[in-house]
Each structure stands twice: as C-alpha cells, then as structure tokens.
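Colleague: What would the 3D arrangement of this be:
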Amino acid sequence: MATRWAAILAALLCVAFAWGASASAGSGDRPPPSLDLGTPGLPESREVQWIQPGVTFTRIARGAPDPAAAWVVEMSIPGGGSSPDPDAPPRSIQDRSSAEAFAARLTEAGFPSEAQRVDQPRTADVPDGVLGYRVRLLAGFDTQEAASAEVARLTAAGFSGRAWYSGWDGDSAARGPWTVNVVTVDPHRFRGTLSGTYGPTLEDREKTTELAALERASVAVNAGFFVFDPAAGAEGDPAGAGVYRGRFESEPIADRPVLVLDDRARHTRIVRPSWSGSVRLGRRTRPLDGINRVPGLIRNCGGTRDDLPTPRPLHDVTCTDDEELVLITPAFGASTPAGPGAEAILNRHGRVVSVSDSRGTALRRGERSLQATGSLAPAVAALESGDRLRVRSRLRGAHGSTVINGGPLLMEDGKVHITQRRDGMHQPDNPSFDYGWVLQRNPRTFAGTDARGRILFVTVDGRQLGELGLSIPETAAVARSLGMTEAINLDGGGSTAMAIRGSLISHPSDAAGERPVGDAIVIR
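Modeller: So this is what the prediction gives:
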C-alpha cells in the first residue's frame, strides 16, 4: 500500500511541476505564445515534463499533414553553354538562362518542366534577391514511389533528378506537421551539472544516446559540427572550437560564434572567440595552425592566410595547407595522425622525449605531440631529446568549462540576426549550398538564452513526411517565439538528436537511424 501511495504522490508532483513550468513559460498566467511557424492559426499543443530541479522538457506539436503538399521531381541542371561557367558541375540551382534552356530541353524530350525562381531572404549580412533558378517537372505526385518511378524514367533518358517532398521547401505554405523539443534549464533552480562531452576520444564518434549513457545524463543533445568524412580529417574531430571540462581541445573557425557554458548553468553566453598559438623552434617563434586535427585539412576552413581556397569560413568545405604545425594532445585518440612530415613528443614539462621523421605514434599520459608538414618538418626533425619547447595557446573571449562550436548566429540582443555570410553559410560561387543548407527545411538543433537567463536547447525533426524541419530563417523565428534573446545554430540534419533519461525522443532522419556524432551537451 505504501508503494502505491508513493507512486500516486510522485505522479501528482510531476503534474504540479508540469503545470508550473507551462505557466511560467509565458508572461504571468497567460499561456505562452504560439510558434511563429507556418501560417497563423495552425493547431498547436504543448506537453511539459519535469526532468529534475530546474530542468523541464516541453514537446510542441504544430500543424498537421497537408494534403496539398505533393511529391515533385527536381532536376540536376548542367552548366550548359549559357552558364557563366560552362564546365560547372550539374547543380540544383543555376542561372536563369541555363535553367530555362534545360527546362525546354526536358519538355522537348517528353518531360514537361519549368524553371522556378528561388529567392534569398534578407539576413544580417546577405541582401534579399534572386538566389538562382531550379528546374522541376510540372507534374506532381501523390507518393514518393510515383515520383521515384518518374526519376527512373528520366535516368533512362539520360537525365538526373530526385524525388522531393514539396513540404520540405522553406518557402512552401505547407501546414506541418512540426515537432519541436525544448529542454529549459533555469539556473536559479538548477542543482545539477551542465557540460559538453566528446566521449572516450575526439577522433571517435558516438551516438547522442551513447554519450548520455557514458555520462549518466538525464538529458543529452547533439552539439557542434564535426568531421564526418575521413577524407576531411579524423572522424569525430570538432570542426571548430571545443573546450571540455575546462580543457581547450580544438581551435575555432575564424571568429564563428560558439556557445559557452559553465557547470552550474549560470554564465551562458554566445560569443565570437579568437585564438592564437605559437611554438619556439630554435631561434624562431612559429605560429601554430591547429590543435587536435590532421595537419593539412581544415574542415569548414577559417584558418590561416595561406590556407586554400580561402582563410574565411566556408561551411562543409575542407580547406588545405601543405605546411602546418599542429599540436596533438592525449584527448585526440589512441595514436596521433599518421603521414609524412615530422613529429616531436613532449612531456608535461615541454621537453622533447623523442623525434621522428614521420608522423603517427601513441602518446603516454601527460605527453603531447608537435606535428609538422612541408617546409616546417625539418625544424621539428632537427630537435633533440631534452630540448625544451615553449608552446603557447590562448583562446580569447570564450571563458567557460564548456565551449561548443556552431553557426550561424540566429539572434542577438533580442532580435533576429542571422550572420549567414560571416559564418560561411553563404557561398556565392555555389548557390546550391545556400539553397539546400539555409533555405530548405532540415532537422535542426539550436540553443540560446531568454530574458530571464534560462538556457534553452531545442531540436526539430525533419526530412520526413511527418516532420518537416526548418529553414534557417524559420529556425531564428522559432527561437524568437520561444522567448530567446540570444541564439546559435548547432549541428543539424542527420546529427539532430535529443535523449531524455537515456531514451531517444527525437526522430533521426538518416535511414540508418541515430547518427554517431562528435560531441554532445549533457545535463546530469
């Protein structure tokens, strides 16, 4: 009987906490405002669950399946003779002349098509205007299977296209549905620990649920961008700044924004840090190029002036540099990156333990590695055991026990402020990137703070018929609707995941299910 009454009391307490959290989400006793998402007046419901003192989970369901949203076929448009670059690869977005010429060619081949204008909305650093033109078949399809069958016919005729659900267009009037998962941390009532984790090593990837289990976390959310393709570096390595448990383990991408957290959730900030590193080699002080990454590969770019093709941030692009000095710590993995060049192993006092004329070895506790490539390798190879190196590394403007990389910025000082160009999400030479990454709806993960100092971690499922996802402008609008005054976009797409008490409560978009990621934000 006592057990039964205890269960009833616990249930009543959960209801009370849920009611209180729901009421406090708005102003006074008024219900919270509806999300600025889709057309006004869409049905919306909210369920609030108490997780632990100072932490609530809110699930917002908005809209409903729209029978007017059809499947379409979108084509890959070749450069063609009318393109500014006739040798350009086929893309989903091209100039108007190329798109219209290709649509006419498709129509003549028995596939009635049209060129459709794609508009770029105004952001903080990109003006509104015409991004380019896409080509789609005029016919719509009731099912994915029917659209895929038409794609097969096109392929047989020598064309390339894809089946696409029109509800995933960022400018479509689809009426939903959307699922928005929100974890709110109130620092005034929070008594737990908030931190970031990359798991056992930086170079390995783990699922968000696995990282939650390793940390025994009540909540876990996927975090920053990371290397996904081995051709771009070490899988799992943060593609931007990373500080975990107070240890600086990955350099920033230029001045892209980062999310700064402290263990008690009381000093959360979104800032643009700067970093400088150097090492004294003989009589010369040389700059460090990076920390804990494969020398020569800079994912998302934003490195030093000699990086190619650019020293500016360029999202989902891997820049290169054949002459680099990179510091490797034991956090990186079981062994340091292997390859040509030179490597010096340093003990905890900065003295050289060993030197090799190639790269790749295991580090013992307290050791670090200095790796060099290109013309910098001879200076490292010339070091001798016992030499003392002065290695300096300083991250400025991001003081916290946890720093998570992200971008673009979504909100600043209570206003929508999307820094699309500054953070490398605007690529004038490749408008197809802006189209797919910024303007179309995808799963999203983002975070920020509200006027009361509370921290909000949000995931939105997408790329599914029952989960439309968000464009970046829609993501900023939702952040504002939730009361955020500062907000940053984190890694999304197939990486988007949220776990509550060990269970995955989001719906991953990858066909294989939940994706292993580079790092996660955890609440214990």
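
Colleague: any idea how far Ser218 lies from Leu383?
Modeller: 48 Å (Cβ to Cβ, to the nearest Å). C-beta coordinates here come from the backbone N, C-alpha and C atoms, glycine included.

Colleague: What are the buried residues along stretch 502-510?
Modeller: Leu504, Ile505, Ser506, His507, Pro508, Ser509 (16 or more other Cβ atoms under 10 Å).

Colleague: now these as TSV including pLDDT and secondary structure?
Modeller: Converted to TSV, those look like this (pLDDT from 0 to 100; DSSP: H, G, I helix; E, B strand; the rest coil):
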residue	pLDDT	secondary structure
Leu504	98	strand
Ile505	97	coil
Ser506	96	coil
His507	95	coil
Pro508	95	coil
Ser509	94	coil
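
Colleague: low-confidence ranges in the stretch 51-200 of the chain?
Modeller: Within the stretch 51-200 of the chain, the ranges that satisfy pLDDT under 70 run 80-88.

Colleague: If we use 90, what do you get?
Modeller: The stretch 51-200 of the chain contains residues with pLDDT under 90 at 66-68, 79-90, 171-174.

Colleague: how about the strands in it?
Modeller: Ranges of strands in the stretch 51-200 of the chain, per DSSP state E, counting those that start in this stretch, are 55-62, 71-75, 113-120, 129-137, 161-165, 178-185, 194-197.

Colleague: Could you list the domains of the chain?
Modeller: Here the domain parsing of the chain from automatic domain parsing is 30-65+177-271+400-523, 71-168, 276-309+316-395.

Colleague: Out of those, which is the most enclosed?
Modeller: Counting by mean count of other Cβ atoms under 10 Å, domain 30-65+177-271+400-523 has the highest mean neighbour count of those, with a mean of 21.

Colleague: From the chain's centroid, how far away is it?
Modeller: In terms of Cα atoms, centre = their mean, to the nearest Å, the centre of domain 30-65+177-271+400-523 is set 8 Å apart from its chain centre.

Colleague: Return the helix or strand encompassing Glu210 as PDB; C-alpha atoms alone will do.
Modeller: Glu210 is located in helix 208-215, with elements delineated by DSSP states H and E. These are the backbone C-alpha positions of helix 208-215, laid out as PDB (Å, rounded to 0.1, in the frame of the first residue of the first chain):
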ATOM      1  CA  THR A 208      24.000  11.000 -28.500                       C
ATOM      2  CA  THR A 209      22.300   8.200 -26.500                       C
ATOM      3  CA  GLU A 210      25.600   6.500 -26.100                       C
ATOM      4  CA  LEU A 211      27.200   9.700 -24.800                       C
ATOM      5  CA  ALA A 212      24.200  10.100 -22.500                       C
ATOM      6  CA  ALA A 213      24.800   6.700 -21.100                       C
ATOM      7  CA  LEU A 214      28.500   7.200 -20.600                       C
ATOM      8  CA  GLU A 215      27.800  10.400 -18.700                       C
END
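
Colleague: List the contacts of Asp491.
Modeller: Asn222, Ala223, Gly224, Phe225, Phe226, Gly406, Thr445, Val517, Gly518 (Cβ atoms under 8 Å, 6 or more residues apart in numbering).

Colleague: show me the contacts for the fifth one.
Modeller: In this case it means Phe226. Contacts of Phe226 by Cβ under 8 Å, 6+ apart are Arg205, Glu235, Gly236, Asp237, Pro238, Ala239, Asp491, Val517, Gly518, Asp519.

Colleague: Pull up the gap between it and Ala499, please.
Modeller: Separation of Phe226 from Ala499 (Cβ to Cβ): 18 Å.

Colleague: quick revisit: other SSEs contacting the helix holding Glu210?
Modeller: Counting contacts by 3 or more Cβ pairs under 8 Å, 6 or more residues apart in numbering; DSSP states H and E, helix 208-215 packs against strand 194-197, strand 219-222, strand 498-500, strand 503-504, strand 516-517, strand 520-523.

Colleague: I'd like to know which of these is closest to Val352.
Modeller: Nearest of these to Val352, taken as Cβ to Cβ: strand 194-197 at 31.8 Å.

Colleague: So which elements touch that closest one?
Modeller: helix 208-215, strand 242-244, strand 258-261, strand 402-405, strand 520-523.

Colleague: What pairs with that strand, parallel or antiparallel?
Modeller: If you go by DSSP bridges, strand 194-197 pairs up with strand 520-523 (antiparallel).

Colleague: Now do the strand or helix carrying Thr475: everything it contacts.
Modeller: Per DSSP H and E: Thr475 is located in helix 472-481. Contact with helix 472-481 is made by 33-37, 121, 123, 170, 180, 408, 410-411, 416-418, 420, 425, 437-439, 441, 444, 446, 448, 458, 460, 470, 487, 489, as judged by Cβ under 8 Å, 6+ apart.

Colleague: could you redo the last one with a cut-off of 7 Å?
Modeller: 33, 35-37, 121, 170, 180, 408, 410-411, 416, 418, 438, 444, 446, 448, 470, 487, 489 (Cβ atoms under 7 Å, 6 or more residues apart in numbering).

Colleague: circling back: so which of the helices and strands packed on strand 194-197 comes closest to Gly483?
Modeller: strand 258-261 (17.3 Å).

Colleague: So which elements touch the following helix or strand past the closest one?
Modeller: Heading C-terminal from strand 258-261, the first helix or strand you meet, by DSSP H and E, is strand 269-271. Under the contact definition 3 or more Cβ pairs under 7 Å, 6 or more residues apart in numbering; DSSP states H and E, strand 269-271 sits against strand 258-261.
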